[in-house]
Structure formats: structure tokens, C-alpha cells
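Student: sequence and predicted model, in that order:
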Amino acid sequence: MNPSAMLATRLERQFLSSPSNEAPASVVAHICAMQAQDFAGAKWSLGMRCKNLTDDGVEKLIEKREIIRISNLRGTLHFVHPQDVRWMATLVAPRVKIQGGSQWKKLGLDADSFSKVYKIFREVLKNGEALSRNELKTILDKKRIDTSDHRMNQFLTMGGLEQVICCGPRRGKEFTYVLLDEWLPQIPYQLTHEPLTELAIRYLKSRGPATPEDFSWWCGFPITACRRAFEEAGTVFESFSSGEKTYYLTHGETRVRPDTKVRLLSGFDEYHISYADRSMVADDVPAGVLSPPNGILPNLVISKGKIVGTWRREIRKNGVEMVYIPFEGISIGEELLATAAKLYGKFMGLPAAWVS
């Protein structure tokens with residue numbers, strides 16, 4: 001399989017070249033975990049993969065608890081299917097604790113620190129209460145618990161991974177947190193394999209072809225453990241060589257012809273962020289574009305599976321103004337760009353157009 005076919009297959013398996021007719025929650029289950037730190041971008045990432053889903057529709061899915069926004073892989077907020085929340089958190093939490101150990105030591109945090117915070121969370125959020133980050137911070141400050149220097153971030157992140165809290169409904173534009181056990185009752189879910197192997201299978205089903213190194217980056221586990229998970233999956237995977245690397249994917253449909261449509265991705269879309277090696281999709285990207293000083297990745301324009309430019313948008317009262325920033329030497333037809341803008345406008349419920 002050549003690079004063009006690999007990108008086409010990834011687009012297909014991520015429901016980007018062929019958006020799904022299934023319920024959005026089923027799409028989230030297929031993707032397994034969708035990066036959702038950038039909330040607006042995450043909503044669009046899901047919307048691109050589902051037919052007829054809107055920005056407001058994603059908000060309603062969260063309110064109805066059909067998808068859960070919670071700390072997950074690498075300690076980062078993700079959209080996760082309700083049935084996957086607890087087994088994934090149980091798998092991931094110990095790893096994030098190991099990775100956060102040195103930072104916690106610098107901040108003077110230990111197991112007792114987190115236990116005290118969780119006890120307070122359980123008290124103030126009981127009986128369906130939903131509180132914002134600032135409200136929780138104020139409560140902790142009054143209890144003489146230091147929330148400065150990223151400590152509050154650690155409390156919220158680990159609160160999700162320890163299955164104490166998750167994100168609740170928005171209050172206007174303000175995010176809230178709720179108790180996970182009240183928001184999401186226990187859902188029995190039987191794993192077919194060991195948890196990391198199960199995660200590897202789910203990863204390759206939605207993101208293959210990929211390498212163990214790609215999976216290691218995505219899930220945050222050491223490469224030795226990830227290679228072992230690939231081996232334990234056995235005949236579930238097939239593999240092939242390209243260049244000096246061996247790629248894996250689950251059995252199923254592959255694509256040969258490149259996807260010719262122009263697609264507008266959020267900066268943290270799983271199509272780009274899921275891989276340690278992004279050279280296939282980003283080989284023409286100018287230096288520095290994908291590593292900005294602030295860590296906020298720009299929205300991406302892709303054509304034939306590759307990044308060809310960036311885009312930004314401004315939401316106005318009567319429409320969406322969009323700006324395309326192409327890379328030097330790359331040209332895209334206006335009709336393809338107009339179609340892409342129309343799809344985004346439909347998702348937002350507003351007319352969208354490119355402006356100079």
C-alpha cells in the first residue's frame with residue numbers, strides 16, 4: 001500500500017471521506033476517544049463524521065449523556081462513548097499518575113492532596129449540582145487548598161481519570177462539572193481482550209494503517225507495552241511494509257484512490273493528531289506552522305489527504321466569515337473551497353463564505 005492509499009484508507013476509516021449514517025454516539029464509539037480540549041473544534045470534528053449533525057446537536061448529545069466529555073488519554077479532555085468511560089479511565093489513570101509524578105512533587109501534591117479534593121467535589125456536586133471551574137476553585141480556596149500554579153488543572157484532570165467528575169452541560173458559555181456516578185450510571189461492558197490490546201484494536205480499526213509508535217503516542221503508553229499489545233491481538237491485524245516501517249490495520253475495507261474533496265479540519269482533529277509520524281499528511285507544511293509557541297494548533301485544510309493550508313473563522317450575527325491561508329505554491333479550486341465552506345456553514349446553522 002503506497003502513502004496515497006494509506007491516507008485514503010485512514011480518511012475512510014475515520015468517516016471523513018464517507019460520513020456515517022449511524023448515531024453520533026456510535027461514531028464516537030468507533031473513533032474510541034476524540035480529542036476535545038478545544039471544544040468548538042471537537043464539535044466540528046464529530047460533525048464532519050456524521051451526516052446531518054449540527055453544532056447545537058452536539059451540545060444536546062452531551063446534555064442527554066449520549067457522549068461524555070472527560071479526561072482520558074494523556075490526561076487530556078476527550079469525547080468518549082458512555083460504555084468506554086470507565087474501562088478506559090481504569091486503564092489510563094495509573095499511566096498518567098506515573099507521568100505526572102515529577103510535576104506533582106514540584107507542586108507539593110500527593111495522594112492525600114487529591115483525596116481531600118475529591119471528598120470536597122463529592123460533597124459540593126452531590127444531588128445533581130453542576131459547578132464551573134471558577135466556582136470549584138473558589139470552594140477549594142476557602143477550604144485552604146492551594147489551587148495556584150496548575151494545581152487546579154491537576155485536580156480537574158485527575159478527578160476525571162479517577163472517575164469522580166466529568167464535564168456537565170454548559171451554563172451559557174460556561175463549562176460545568178458534575179459527579180460522574182450521578183451523571184453516568186455504571187454500564188456493563190465486557191472486554192474481549194486485555195485492556196491495552198482492546199485499545200490497540202480499536203485504534204487500528206478507526207485509524208489504520210499505523211505503527212506501534214503511532215499508537216504509543218496516541219495512548220501515552222510505552223512503546224514496549226504497545227508492541228506487546230499489537231502482538232497479543234494476533235490475527236486481528238494484518239501488516240505490510242512501506243519504506244523502512246511496518247504498518248498495521250485491522251481486516252476490512254481499504255481505499256486506493258485519494259479523496260479529492262477539500263476538507264476543513266480542526267487543529268486537533270484525530271486525523272492529524274493521532275499519529276507520532278505525521279510526515280505523510282504534513283510533508284508540505286512550512287516549518288513552525290504545526291508547532292506554534294502557544295501550543296494551539298491552527299485549523300487545517302486538507303486535499304487528497306494532505307495538509308495544504310490553514311483556515312480560521314469569525315462567527316458573526318448573520319453568518320460565518322472564513323479565511324483561507326494557503327501554503328506557497330499550492331492552489332485549490334474555488335469551487336472545492338466553496339463546497340467545504342458550505343458544509344461548515346450547514347453545521348453551524350449559518351451561511352458561511354470565504355473573505356479576503
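Tutor: That came through, no problem.

Student: can you tell me the closest non-neighbouring residue to Gly159?
Tutor: Nearest residue to Gly159, sequence neighbours excluded (C-beta to C-beta, 6 or more residues apart in numbering): Ile165, at 4.3 Å. For the C-beta atoms, the positions are set from N, CA and C on the backbone; glycine is no exception.

Student: my guess is the one you found contacts Met158. True?
Tutor: No. Using C-beta atoms under 8 Å as the test, Ile165 is too far from Met158 to be in contact (9.7 Å).

Student: so those two - more neighbours on which side?
Tutor: Taking other C-beta atoms under 10 Å, Ile165 and Met158 do not tie; Ile165 has more neighbours (27 against 23).

Student: who's that one bridged to?
Tutor: Here Ile165 sits in beta bridges with Leu179, going by DSSP bridges.

Student: ok, it - contacts?
Tutor: Neighbouring residues of Ile165 by C-beta atoms under 8 Å, 6 or more residues apart in numbering: 121, 125, 156, 159, 177-180.

Student: distance from stretch 342-355 to the middle of the chain?
Tutor: Stretch 342-355 sits 23 Å away from the centroid of its parent chain (C-alpha atoms, centre = their mean, to the nearest Å).

Student: regarding that stretch, how distant is the last residue from the first?
Tutor: Start-to-end span of stretch 342-355 (C-alpha to C-alpha, to the nearest Å) is 13 Å.

Student: so what touches it?
Tutor: By C-beta under 8 Å, 6+ apart, the list of residues contacting stretch 342-355 reads 44, 47-48, 53-56, 264, 313, 315-316, 318-324, 337-338, 341.

Student: what's the answer for stretch 197-207, then?
Tutor: Contacts for stretch 197-207 (C-beta under 8 Å, 6+ apart): 10, 13-14, 30-32, 87-88, 91, 191-193, 210, 214-215, 218-219, 226, 229-230, 232-233, 236-237, 248-250, 252, 270, 274-275.

Student: do that again at 6 Å, thanks
Tutor: Stretch 197-207 is contacted from outside by 13, 30-32, 191, 215, 219, 229-230, 232-233, 236, 248-250, 274, using C-beta atoms under 6 Å, 6 or more residues apart in numbering.

Student: do stretch 82-93 as well
Tutor: 68, 72-73, 161, 163, 184, 187, 189, 195.

Student: just the buried residues of those residues.
Tutor: Among those, those buried by neighbour count (16 or more other C-beta atoms under 10 Å) are 68, 72-73, 161, 163, 184.

Student: show me where the chain has its strands.
Tutor: With DSSP state E as the criterion, the chain has strands at 34-35, 68-71, 77-80, 131-132, 165-167, 176-179, 237-242, 245-250, 262-265, 299-303, 306-315, 320-326, 352-354.

Student: what sits up against the fourth one?
Tutor: The set of residues that contact strand 131-132 without belonging to it, under C-beta under 6 Å, 6+ apart, is 174, 176.

Student: same question for it, mean pLDDT?
Tutor: The average pLDDT within strand 131-132 is 98.

Student: just the third one next, same as before
Tutor: Per-residue confidence for strand 77-80 averages out to 98 on the pLDDT scale.

Student: and that strand, what does it pack against?
Tutor: In terms of contacts (3 or more C-beta pairs under 6 Å, 6 or more residues apart in numbering; DSSP states H and E), strand 77-80 is packed against strand 34-35, strand 68-71.

Student: distance between the shortest one and the chain's centre?
Tutor: In terms of C-alpha atoms, centre = their mean, the centre of strand 34-35 is found 1 Å from the chain centre.

Student: residue ranges with poor pLDDT in the stretch 51-200 of the chain?
Tutor: For the stretch 51-200 of the chain, no stretch is flagged by pLDDT under 70.
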